[in-house]
Structures are given as C-alpha cells and as structure tokens.
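Colleague: only geometry, no sequence info:
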RNA sequence: GGAAAGUUGGCAGAGUGGUCGAAUGCGGCGGUCUUGAAAACCGUUGAUCUUCACGGGUCCGGGGGUUCGAAUCCCUCACUUUCCGCCA
C-alpha cells in the first residue's frame, strides 16, 4: 500500500511511475484518492471537535454532581445527549470514508523504481547478466520427465493417483536429491548470515492480507475455509509476517532470515507445455530469503541477495542469466524485481528459478513494519525477498544439463549432500 | 472436544464507573558522582490521527452495547494458560 502523504506530496511523479506499470487511469484514480482523503480529514476534524466538547461536558457533569449542584448537572447532561446522535452519524460517515479510501489504496500497485524498464510483457525484460556455458548434449539426450522415468526418481503418475496433477512423488535417489538440495541451500544461506526459520505452512487471513496475497483475485491460494486458513504459496508470507506490527531497532538492521518450506499454488489458468514435468507444480519446495532493511541501505542489500543466488547457481554449475523485469511483468507489490533463469538444455529453454525483489515500503505499510532511526523517529522499513532457490526447475536443469551416458553427474558442491558423484 | 481462568505500556504487574494514557518495579535514555566502570541518587521514557503551531482526537486483545461519562458493567468473536479427553 502506498503512503497517503507521499501521494499527496508527489502527485505527478506517482502518476508517471504508475504509467511504467501500465496502471490504467492513474491520473483519475490519484485525484479521487486525494479528494477522498480531503473529505476524510474534514470529517475527522469535525468529529474530533465534537468529541472534545462531549468530553468537556462529561467532566463538568461529574464535577457538578460531586458538588451537589443537581439541576445544573442535569442541564449539562441533556446537552451531552444532543451531541450524541450527531457524533454517531459523523463517526459512521468517517468510518465509511476511511473504508473507501483504503479500498482505493489497496487497488493501486507499488511504484516501480527508476531503473525499471518500460514494457508490457516478458519480452521487454532486460537481460542484465549472463554466465555459464550452455552445454551441448550427446545424441539421444532426454528431457527431464523422461529422465525421471528412466531412473525412477520422480513419479508424476503416482502423484496423479494420490492427489492430482502437479503433486509428484519423489522416490529413492530422487527424494535423496531433494533433501540434498534443501540442505545445500539452507547451509549456504546460514553461512551467508541468514537466520534459519521453520514457519507454519498455513497462515491466517491477516497474514495473507499483509503480504498482499489477499485479496486473491486470481484464486492462487489453497484455502481451508473451515478454519479460515490458507496454504502458503511461499515462505515469504509467514516469515515476513513475523515482523508484522513491530518496530525494529536500527542497530539490528538488516534483519535477514531464510526458510525452507513447501509451497502450494493453485496455478489457475496455466496450461500447455509450460506445465510439463517439473516446470510448474501445485506443491513444490523452496528455500526463501527475506530481509528487512532501512530505506538508505535496502538497495545495497538487494545486491547482497542477488550475489547469494548467483553463487548458488555457480556452485551447481548451471548456466544462468539475470533479468530486470519490465513494468508490465512485475508483481503488483514489487518496486524492482530481478529474475534468475537457468538454461535447461534438453528442453532448450530458460526456466525461472528465483525472483529477487525490493518492495520498499509497500509491504511494510500494510504490515506496519517500522524501525526507529538514529533520531528516534519511527518510519517504515523496506522489505526484500528472493528464492534461494526453488527446487523443481533446478532439478529439471540439473537432470537435463548434467546427463551422461552413465547417469546424472552431480556437481561437486552437492556431492557431500547427495553422497555420490553420479545418479544412476 | 469438555471445564475454568485470563488478555493492560519494551517486560512484569496494579487499577472494578468520573480528575486513568493509566500506580509500582524492571529495562531503556540523559545526568550527578567516578581516572573509567559498577553501585547509589536525580530526571526522563508508548503508539497513532489531525494542525504551520498552540492544541485537540483515538488506542488498556478485536467488534458491538449500556451510560452524561467505560481499562472498569453487558454481549460477541479471537487468542492464551491450566485441568480433563484424544493423539504424532
């Protein structure tokens, strides 16, 4: 949620920035917001004055009764009663205005950072970095879904039977590989200074609202209506909500956490070959990194997170590239997003394995996540997060890129975790 | 699932209808003393909206009600603790 004060003071800039995100009618909506806020302020002032008068009268009544001046007390009492109905009406009007204003603010996306390129879709994203050699595979190399069947490590059919499409069953060395990757990612994150968290996999409505998953217009979350819970689509939700309604100490910044969790996504509207094999699942594993930082330092922290992710991919010996997402391809809540993609050699396509973002104060405003600066002033913090990393597409790329006639070659850094140099 | 008791400031914990944003203790911050530190003593110390400012409003788990007036009484929801039941 954008801050009202900021919108009021930087009206034209806000409208211009929203344009980069292809937000329609920014001009009109911002005007409406300011108008609504003016109304709110007027009502608030009127109500405050009314309440001040009512408070004064109530005190007077108390005094008069104490002094035994009964008839004067009764007089003040009736005056007070008169105020009441007006007060009630104004209160209702103010509450309604506030509700409308909040609804409007919730419909406005975050402002993109100045570095964000204009654009409407993935084709307008900027490639800012690329590293690693695209492997040339031997004759008869297979795509990962065929490799999964050949080595009997990931069983999609079995998942269909037990649950449904998008819930694969990892078996034998496949399960072992999962466990190896999770530990490898977690160990690296902890070594880099991220504090390990094991969060709940279901969250309540307030949490889902605070990080922006609700209102869920696309129906992406699995819900448990009986208890009012939601299955988490990413560990970002429970971990960021640790800091909801808190005031952080300046000296504790940046606060850095990492968490392994399974993630649950309905992926409504997905179809076609993009969803084949491990490319898109309803349940998958991910290690997430989350940081809270000051506005002055958050972009430096974003670079720290990016290099952490890049380092993981290097260790896994996977060719990757980094994209700076254009305004049209970014998420609603993000100010800037870098996507990491690995090249999966048999499918011959780039697969997104991480998305690292700075949300600036947008999430923090909903979360009421603040910090005290050196002057003792309380202000909104910046929130950042990224995947480090999501497993399924990493597994897909590992299988495809490192396949040999003898089996799947396990990268050196992963061998201690997997317990072998080859998966066969 | 059943029963009971709770939810107050960073923490602990008073307060049961008026002057209570809230005693007291701890913690934090500033000071005196000290070469420095500790101890002791003194002072200070919540958030939020609105206003250029003075000031005013709101907040004692959430929501609603009673009353001229609610932290305090009533209703309701959520959560916590303890006991019982069930159980990885």
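Modeller: Happy to help now that I have it. The shown structure was predicted, so the numbers you read here are calculated from the model rather than taken from an experiment.
Colleague: CA only for contacts and neighbour counts going forward, please
Modeller: Fine.
Colleague: What lies in contact with the helix or strand where residue A:416 lies?
Modeller: The secondary structure element spanning residue A:416 is helix A:415-418 (assigned by DSSP states H and E). With contacts defined as C-alpha atoms under 8 Å, 6 or more residues apart in numbering, helix A:415-418 is touched by A:176-177, A:180-181, A:183-184, A:410, A:421.
Colleague: run the last query once more with 10 Å
Modeller: By C-alpha atoms under 10 Å, 6 or more residues apart in numbering, the list of residues contacting helix A:415-418 from outside reads A:173, A:176-184, A:409-412, A:421-422.
Colleague: what's the answer for stretch A:68-78, then?
Modeller: A:54, A:57-67, A:80.
Colleague: Buried ones among the residues you listed?
Modeller: A:54, A:57-58, A:60-61, A:64, A:80 (16 or more other C-alpha atoms under 10 Å).
Colleague: From those residues, pick out the ones that also neighbour RNA strand B.
Modeller: Here is what survives when the buried ones among the contacts of stretch A:68-78 are matched to RNA strand B using C-alpha under 7 Å from any atom of the strand: A:54, A:57-58, A:60-61, A:80.
Colleague: and which of these is nearest residue A:95?
Modeller: Ranking those by separation from residue A:95, with C-alpha to C-alpha as the measure, puts residue A:54 on top at 19.4 Å.
Colleague: where do the strands sit along the stretch 201-350 of chain A?
Modeller: A:202-204, A:223-224, A:229-231, A:246-249, A:255-264, A:283-293, A:320-324, A:336-344, A:349-360 (DSSP state E, counting those that start in this stretch).
Colleague: Actually, the stretch 51-200 of chain A.
Modeller: For the stretch 51-200 of chain A, strands defined by DSSP E, counting those that start in this stretch occupy the ranges A:126-131, A:154-155, A:169-170, A:195-197.
Colleague: could those strands go into JSON lines alongside distance to residue A:359?
Modeller: Formatted as JSON lines, the entries for those read as follows, by distance: least, C-alpha to C-alpha, whole Å:
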{"stretch": "strand A:126-131", "distance to residue A:359": "19"}
{"stretch": "strand A:154-155", "distance to residue A:359": "36"}
{"stretch": "strand A:169-170", "distance to residue A:359": "34"}
{"stretch": "strand A:195-197", "distance to residue A:359": "20"}
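Colleague: Out of these, which is the most enclosed?
Modeller: Stretch with highest mean neighbour count among these: strand A:154-155 (a mean of 22; mean count of other C-alpha atoms under 10 Å).
Colleague: Quick check: neighbours of that one in the sheet, parallel or antiparallel?
Modeller: Sheet neighbours of strand A:154-155, with direction, are listed as strand A:169-170 (antiparallel) (DSSP bridges).
Colleague: Name the residues that touch the partner strand?
Modeller: Counting by C-alpha under 10 Å, 6+ apart, strand A:169-170 makes contact with A:148, A:152-160, A:162-163, A:175-178, all of which sit outside it.
Colleague: Close to RNA strand B: what parts of the stretch 251-400 of chain A are there?
Modeller: Checking the stretch 251-400 of chain A against RNA strand B by C-alpha under 7 Å from any atom of the strand, the hits are A:378-379.
Colleague: ok, residue A:322 - contacts?
Modeller: Residue A:322 makes contact with A:125-131, A:306, A:310, A:338-342, A:352, A:354-355 under the criterion C-alpha under 10 Å, 6+ apart.
Colleague: swap in residue A:56?
Modeller: For residue A:56, the contact set (C-alpha under 10 Å, 6+ apart) comprises A:50, A:80.
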